[in-house]
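1. Provided below for reference: sequence and predicted model.
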Amino acid sequence: MDDRFLHNEPWKQSHLLFLLLLLINSGLVLTKQSSGAIAAEADYEALKAVKLEFLDFRGVLSSWNTSRDAACSSWAGIKCLNGRVIAIQLPWKGLGGRISDRIGLLRSLRRLSLHDNALAGPIPASLGLLPELRGVYLFNNRLSGSIPPTFGNSLNLQILDLSNNELTGIIPPNLANSSRLFRLNLSFNKISGLVPSSLFQSQSLTFLALHHNNISGRIPTSLSNLSILEVLNLSHNQIVGKIPEELGNSISKLSFLDLSNNGISGDFPENLSNLSSLQTLNLNSNNLDGLIPESVGKLGNLSVLDLSHNNFKGQIPISLVSIQNLSTFDVSYNDLSGAVPSVLATKFNSSSFIGNAELCGYSSSVICPSPQPENLPSPSQGEIKHHGRKFSTRDIILIAAGGVLAVSLILCCVLCFCLIGRNAVLEAKNGKSRGMVSGEVESGGEVGGKLVHFDGPLVFAADDLLCATAEIMGKSSYGTAYKATLQDCNQVAVKRLKEKITKARKEFEIEVALLGRIRHPNISPLRAYYIGPKGEKLLVYDYMPNGSLASFLHARGLETSLPWPTRMVIAFGVTRGLSYLHTEENIIHGNLTSSNVLLDEQSNPKIADVGLSRLMTSAANTDAISTSGSMGYRAPELVKLKDGSTKSDVFSLGVIMLELLTGRSPSEVSDGLDLPRWVASIVKEEWTNEVFDVELMRDAPDIGEELLNMLKLALHCVDPSPEARPEAHQVLQKLEEIKLDSIDNTMPKGSVDEAAALPAKSE
């Protein structure tokens with residue numbers, strides 16, 4: 001990792017040992033044992049042979065030209081212990097060529113990290129014969145051929161990551177002989193054949209990723225033997241047959257299960273409801289049928305449930321309403337029928353339910369029909385016969401009145417229970433009955449400090465985080481954001497907070513724990529934080545591959561289009577996230593900009609830097625407000641006021657909406673006018689068409705009304721008077737009134753935010 005990731009100031013001489021333990025500079029890791037040691041002759045010759053097979057386009061191996069005396073102390077990427085090479089770490093170095101079979105002569109090698117290069121050719125079989133081998137990181141290369149069966153002889157092997165290569169053949173059955181192997185990632189290759197049943201006998205695997213291959217056959221029942229498995233991804237293969245009932249019997253720690261895009265058939269196994277730790281369940285694009293069982297509602301930790309593109313029948317179980325953490329839900333394109341439970345219909349977008357001809361009640365255009373009354377025989381001459389007894393008109397009136405009274409009493413009782421339930425829900429939302437989500441604390445390992453995980457699909461140690469490859473994504477008044485690539489190929493976003501601007505440690509930890517529990521589809525979740533021995537503070541978030549809205553909108557190439565439906569989805573998502581912060585979490589963002597709106601793979605927006613102001617001193621927040629002003633997002637009243645408000649956040653939201661409409665950056669000043677005043681001046685002169693982005697004007701005949709309505713709403717948000725601006729939940733209501741049907745009809749599946757949150761409270 002770039003040393004700027006951990007240090008803002010030069011370390012003094014007394015900190016040298018700590019620096020040597022943490023610093024990875026150009027892939028080099030040194031320890032006390034490396035210094036002054038002379039490499040063994042056999043290792044020295046093996047390294048020279050390895051170098052001959054590499055194509056070193058950047059000259060990173062230039063240090064490998066010196067004598068054996070310097071091999072352990074100054075050769076790039078080499079780590080030694082008592083003169084024996086124990087690690088080769090050269091990721092992201094642009095290396096080409098092949099991995100020499102002579103690497104098998106490094107008998108003490110424990111770690112081989114050559115990921116994210118351009119290496120081709122086969123993986124040497126000799127690598128699997130190394131008795132001390134523990135970690136192999138060869139992902140993101142161009143390696144071909146089969147997986148060497150010799151890896152089964154590596155009894156100390158713990159991590160094997162060969163993902164994103166061009167490997168073919170089968171998974172060696174004896175790979176399961178590596179009794180300490182806990183992480184196996186073979187995804188994104190061309191591996192075929194069956195998953196060996198022996199692999200499912202492992203007692204050590206916690207992470208198994210075989211997705212995006214050509215694997216066939218059935219899921220063996222022996223899968224249930226993976227008792228400590230936490231992540232299983234078999235998606236995008238050619239797997240058939242049923243999901244074994246045994247899957248839900250003993251894998252109690254399983255938190256991520258993805259079997260999507262296969263040919264799996266049969267019913268939804270009832271036993272899956274026993275997977276109490278499950279957070280993600282993805283079964284989409286299979287041939288599953290039958291009913292969705294009510295027992296799914298027992299999966300209380302579930303946040304993602306995707307059953308789309310199958311053949312499920314019957315009704316959506318009402319028990320799903322009880323899953324409080326459910327943020328992504330999709331049952332589209334099945335054969336479901338009946339009414340969608342109202343809570344789900346309100347919480348999720350209509351795209352979660354489309355493609356079910358008999359399903360109703362999930363949007364205003366798909367209303368459930370009223371039940372037809374039964375045909376009753378007509379009474380004759382004002383009386384009805386019942387078992388030989390005649391009722392007069394008076395009797396009928398009294399009976400009817402009594403019935404009405406009884407029904408009224410029942411409705412009153414139901415209404416009372418509904419009100420009580422509603423109040424309980426509101427209290428829970430307001431925090432009156434909600435406990436704090438506790439993080440999982442682990443020590444900082446060799447580096448010290450404290451690492452606290454909240455939730456999420458990734459679990460890593462402090463050493464892994466601090467030794468990650470880092471790439472600067474941007475800087476703000478609060479700190480620097482990095483894209484960190486962990487040794488297992490997973491990527492996270494890390495914000496290193498500036499020193500001396502955060503609150504004292506105890507207060508910081510209280511506030512960051514509160515931020516760690518916030519979960520919403522349009523808010524970037526805080527996954528973990530780290531406090532180092534010297535007080536350095538890192539915040540860990542999900543990495544968003546599409547970057548920020550600012551870069552996507554203003555720095556994209558001419559070939560990258562940003563159509564109106566996508567812009568509308570972004571505006572809707574940002575507004576929804578901000579409304580949630582204001583109404584449900586009572587949080588003022590204070591620094592909302594297009595740079596703080598991140599886009600996921602489907603261009604769904606996630607508001608970043610949520611609640612950072614709570615972690616900072618007053619002086620730091622004042623600086624952040626002034627910075628946002630220089631970028632064109634600061635509300636006019638903040639020139640005098642020190643603290644932001646919901647109305648100042650709405651002003652920033654309005655500026656983002658104007659960016660989406662005009663394609664102009666707020667930092668661009670035209671004739672001395674900022675973006676809101678420039679737009680207002682153009683509208684005042686009735687040159688409204690000059691406001692809109694040229695790309696949008698191509699479709700003006702179809703979307704003209706929507707453009708004008710959103711422009712009117714954006715100008716309302718940036719009104720100079722805070723009292724005149726709407727609240728975020730009112731903006732959300734106005735957006736819902738603007739024609740949104742074009743989004744559902746135009747955007748491909750997955751583009752619309754399928755995990756719509758509960759709407760903001762209405763007035």
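-> Received it, and whenever you're ready, just let me know what you need.
2. burial of residue 526, as a residue count?
-> Close neighbours of residue 526, defined as other Cβ atoms under 10 Å, add up to 27. All C-beta atoms are positioned from the backbone trio N, CA, C, and that covers glycine.
3. got it, and the one 4 residues further on?
-> Here the neighbour count serves as a burial measure; for residue 530 (other Cβ under 10 Å) it reads 21.
4. Looking at the residue nearest to it when sequence neighbours are not counted now. What's its pLDDT?
-> Spatially, and ignoring its direct neighbours in sequence, residue 530 is nearest to residue 538 (4.3 Å; Cβ to Cβ, 6 or more residues apart in numbering). Per-residue pLDDT puts residue 538 at 90.
5. How about the one 3 residues further on?
-> Predicted confidence (pLDDT) at residue 541: the value is 91.
6. Can you give me every residue that contacts residue 273?
-> Contacts for residue 273 (Cβ atoms under 8 Å, 6 or more residues apart in numbering) come out as 248, 293, 295, 296, 297, 298, 299.
7. May I ask which of those residues comes out lowest in pLDDT?
-> residue 248 (78).
8. doesn't that one fall inside a strand?
-> No: using DSSP: H, G, I helix; E, B strand; the rest coil, the assignment for residue 248 is helix, not a strand.
9. Considering the contacts of residue 273, which possesses the most neighbours?
-> Taking other Cβ under 10 Å as the neighbour criterion, residue 299 ranks highest of the contacts of residue 273 with 24 neighbours.
10. among the contacts of residue 273, which two are most distant?
-> 248 and 297 (14.6 Å; Cβ to Cβ).
11. Give me the below-cutoff pLDDT ranges for the protein.
-> Judged by pLDDT under 70, the chain has its weakly predicted residues at 1-36, 371-448, 456-459, 556-560, 619-631, 641-642, 669-672, 685-689, 739-763.
12. Just the ones of the contacts of residue 273 in helices?
-> Within the contacts of residue 273, residues falling in helices by DSSP state H are residue 248.
13. Of the contacts of residue 273, which is the nearest to residue 613?
-> Nearest to residue 613 among the contacts of residue 273: residue 299, at 35.3 Å, using Cβ to Cβ.
14. which one is that closest one nearest to, not counting chain neighbours?
-> Spatial nearest neighbour of residue 299, excluding adjacent residues (Cβ to Cβ, 6+ apart): residue 278 at 5.4 Å.
15. Tell me how many other residues surround the one you found.
-> 25.
16. now do residue 357
-> Residues contacting residue 357 under the criterion other Cβ under 10 Å number 9.
17. do residue 346 as well
-> Residues near residue 346, counting by other Cβ under 10 Å: 13.
18. thinking again about what came up before, any chance of the contacts of residue 273 in a markdown table, plus distance to residue 498?
-> Shown next, in a markdown table, are those (distance: Cβ to Cβ, whole Å):
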| residue | distance to residue 498 |
| --- | --- |
| 248 | 47 |
| 293 | 51 |
| 295 | 49 |
| 296 | 45 |
| 297 | 45 |
| 298 | 45 |
| 299 | 41 |
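19. Tell me how far the most centrally placed residue in the chain lies from residue 522.
-> Central residue of the chain (Cα atoms, centre = their mean): residue 542, 5.4 Å from the mean position. Residue 542 is 13 Å from residue 522, where distance means Cβ to Cβ, to the nearest Å.
20. anything in contact with each of the two?
-> Any residue near both residue 542 and residue 522 by Cβ under 8 Å, 6+ apart counts here, and that gives residue 606.
21. picking up where we left off before, contacts only, for the residue nearest to residue 299.
-> Residues near residue 278 by Cβ under 8 Å, 6+ apart: 254, 255, 256, 257, 272, 299, 301, 302.
22. So what's the residue count around the nearest residue to the first one once chain neighbours are set aside?
-> Spatially, and ignoring its direct neighbours in sequence, residue 254 is nearest to residue 275 (5.2 Å; Cβ to Cβ, 6+ apart). Using other Cβ under 10 Å, the number of residues around residue 275 comes to 22.
23. list the contacts for residue 275?
-> 247, 248, 251, 252, 254, 257, 299.
24. which phi and psi does it have?
-> phi -80, psi 80 (degrees, to the nearest 10).
25. Likewise for the one 4 residues further on?
-> Backbone geometry at residue 279, expressed as degrees, to the nearest 10, gives phi -110, psi -30.
26. For the residue nearest to the centre of the chain, which residues count as its bridge partners?
-> With DSSP bridges applied, residue 542 shows beta-bridge pairing to residue 492.
27. residue contacts, it?
-> Residue 542 neighbours (Cβ under 8 Å, 6+ apart): 456, 492, 493, 524, 525, 527, 606.
28. surely the second one meets residue 473?
-> No: between residue 492 and residue 473 no contact is recorded; they are 11.5 Å apart, counting by Cβ atoms under 8 Å.
29. any residues in contact with both of these two?
-> residue 483.
30. about what we covered before: my read is the residue nearest to residue 299 is in a strand, agree?
-> No: read with three-state DSSP, residue 278 is coil and lies in no strand.
31. how many neighbours does residue 475 have?
-> 12.
32. hmm, back to that, how far away is the residue nearest to the centre of the chain from residue 521?
-> 12 Å.
33. list the buried ones in the helix or strand containing residue 72?
-> Secondary structure from DSSP states H and E places residue 72 in helix 71-74. Buried positions in helix 71-74, judged by neighbour count with 16 or more other Cβ atoms under 10 Å: 71, 72, 73.
34. Alpha carbons of that helix, in CSV - could you do that?
-> In CSV, the C-alpha atoms belonging to helix 71-74 read as follows (Å, rounded to 0.1, in the frame of the first residue of the first chain):
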residue,chain,number,x,y,z
ALA,A,71,19.1,-10.9,-2.4
CYS,A,72,17.4,-10.9,1.0
SER,A,73,18.0,-7.3,1.9
SER,A,74,17.4,-5.3,-1.3
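35. Report the buried residues of the helix or strand just after that helix.
-> As assigned by DSSP H and E, the chain's next helix or strand after helix 71-74 is strand 78-81. Using 16+ other Cβ under 10 Å as the burial criterion, the residues of strand 78-81 that qualify are 78, 79, 80.
36. can you check stretch 308-316 too?
-> Applying a neighbour-count criterion of 16+ other Cβ under 10 Å, one finds 308, 309, 310, 312, 315, 316 buried in stretch 308-316.
37. swap in stretch 570-586?
-> If you call a residue buried by 16+ other Cβ under 10 Å, then stretch 570-586 has these buried ones: 570-585.
38. And stretch 219-233, by the same measure?
-> Applying 16+ other Cβ under 10 Å to stretch 219-233 flags 219, 220, 222, 223, 224, 225, 226, 229, 230, 231, 232, 233 as buried.
39. Helix or strand next in line after the strand or helix carrying residue 571, which one?
-> Assigned by DSSP H and E, residue 571 falls within helix 564-583. Remark: after helix 564-583, the chain's next helix or strand is strand 597-599, criterion DSSP H and E.
40. Show me what that following strand is packed against.
-> If you count contacts as 3 or more Cβ pairs under 8 Å, 6 or more residues apart in numbering; DSSP states H and E, strand 597-599 packs onto helix 549-554, helix 564-583, strand 605-607.
41. Could you give the separation of it from the chain centroid?
-> 12 Å (Cα atoms, centre = their mean, to the nearest Å).
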